[in-house]
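[1] please work out how this folds:
(one chain, ligands or ions: 1)
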Amino acid sequence: MSLVTCKLCRKLYNGDGKICPECRQHLKELYPSVRDYLRDNPNLEFNVETVAEALDVDIRYVQELVSQGYLDRDLPDGMSPEVLSDRQKLAKAFEESLDKMKADAAVARKPVSYGQEVYGDKSKRR
Ligand SMILES: [Zn+2]
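    Sure thing, here's the model as predicted:
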């Protein structure tokens with residue numbers, strides 16, 4: 001447990017993840033409305049702005065539902081949210097690979113200890 005900033009409401013909260021419990025609850029409540037809205041408006045070109053405006057919610061919550069994959073499976077045939085969700089998946093993958101690169105770099109930069117210099121890195125190999 002640590003103090004983190006909620007990525008949706010920017011509030012500090014004590015916990016794990018990137019979204020505070022309040023926002024998680026909000027997303028849970030919002031999801032059926034968005035799903036129903038999309039179902040009732042099958043001809044609507046899906047985009048988060050339209051949905052957020054129609055439901056009078058913060059666009060970030062709709063975006064979060066999309067990026068969590070909530071809406072993908074519920075979209076009626078013929079709708080193509082791929083552009084949006086792909087972009088967000090891409091951004092997420094990019095973020096993750098960046099984190100990994102940072103982690104790898106941190107490992108590589110670790111100073112070699114005396115023991116490792118003498119005995120080589122055999123013990124470190126997995
Ligand atoms: Zn929040």
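[2] number of nearby residues for A103?
    A103 has 10 neighbours, counted by other Cβ atoms under 10 Å. C-betas here are computed from N, CA, C, even on glycine.
[3] contact partners for it?
    By Cβ atoms under 8 Å, 6 or more residues apart in numbering, the contact set of A103 is empty.
[4] gap between it and the ion?
    27 Å (Cβ to the ion, to the nearest Å).
[5] what's the answer for L38, then?
    24 Å.
[6] that residue contacts E45, doesn't it?
    No. Using Cβ atoms under 8 Å, L38 is not in contact with E45, being 11.0 Å away.
[7] residues from the protein in reach of the ion?
    6, 8-9, 20, 23 (Cβ under 5 Å from the ion).
[8] point out the other helices and strands that the helix or strand that contains R24 packs with.
    For R24, the element it lies in under DSSP states H and E is helix 21-40. Applying 3 or more Cβ pairs under 8 Å, 6 or more residues apart in numbering; DSSP states H and E, one finds that helix 21-40 makes contact with strand 12-15, helix 48-55, helix 59-67.
[9] L38 and E45: which is more packed in?
    Neighbours were counted for L38 and for E45 using other Cβ under 10 Å; L38 has more, 20 against 9.
[10] quick one: mean pLDDT over stretch 38-45.
    Mean per-residue pLDDT for stretch 38-45: 82.
[11] list the buried residues for that stretch?
    Along stretch 38-45, these residues count as buried under the neighbour rule (16 or more other Cβ atoms under 10 Å): L38.
[12] next one: stretch 42-56
    For stretch 42-56, by 16+ other Cβ under 10 Å, it's 46, 48, 50-52.
[13] and what of stretch 28-40?
    Buried-residue list, stretch 28-40, by 16+ other Cβ under 10 Å: 30-31, 34-35, 38.
[14] coming back round to it: which of the residues of the chain next to the ion are buried?
    By 16+ other Cβ under 10 Å, the residues of the chain next to the ion give 6, 8-9, 20, 23 as buried.
[15] many thanks, I have nothing further to ask.
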